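1. Curious how this folds, go ahead:
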Amino acid sequence: MNTENTELTRVESLILEGRELIQQGNLTAAIARFRLATKEDPEVSLAWNDLGVALYASKQFVRAKKAFSTALSMTP
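-> Modelled structure (predicted):
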């Protein structure tokens, strides 16, 4: 996440919104936020990882695995 600037990027905002939605139990909306984040910037591994978390929690295991694999392929 953006540590040098106090202003969040759109992707960072979407990730934070998605995390809040997971905590509220709204997995469908969280998944939508994380999908938007991955479309805005497909190179942000954190968005893919959090998408995987939300998909896994909603028992969409095959999709979760794909999201986790995408995140891992980006992480050094």
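
2. so what's residue 35 up against?
-> Shown in contact with residue 35 (Cβ atoms under 8 Å, 6 or more residues apart in numbering): residue 51. In this view, the C-beta of every residue, glycine as well, is placed from N, C-alpha and C.

3. ok, for residue 56, nearest residue in space, not its chain neighbours?
-> residue 64 (3.9 Å; Cβ to Cβ, 6 or more residues apart in numbering).

4. Run a quick neighbour tally on that neighbour.
-> Applying other Cβ atoms under 10 Å, we find 18 other residues in the vicinity of residue 64.

5. Per-residue confidence, residue 35, what does it come out as?
-> With respect to pLDDT, residue 35 has a value of 98.

6. Can I get the helix or strand that contains it as CSV, trimmed to CA atoms?
-> Using DSSP states H and E, the element containing residue 35 is helix 27-40. Below are the C-alpha coordinates for helix 27-40, written out as CSV (Å, rounded to 0.1, in the frame of the first residue of the first chain):
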residue,chain,number,x,y,z
LEU,A,27,-18.8,-11.2,0.7
THR,A,28,-20.6,-10.4,-2.6
ALA,A,29,-19.8,-6.7,-2.4
ALA,A,30,-16.3,-7.4,-1.2
ILE,A,31,-15.7,-9.6,-4.2
ALA,A,32,-17.0,-6.9,-6.5
ARG,A,33,-14.6,-4.3,-4.9
PHE,A,34,-11.6,-6.6,-5.3
ARG,A,35,-12.5,-7.4,-8.9
LEU,A,36,-12.7,-3.7,-9.6
ALA,A,37,-9.3,-3.3,-8.0
THR,A,38,-7.8,-6.0,-10.2
LYS,A,39,-9.3,-4.5,-13.3
GLU,A,40,-8.0,-1.0,-12.4
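
7. Thank you, goodbye.
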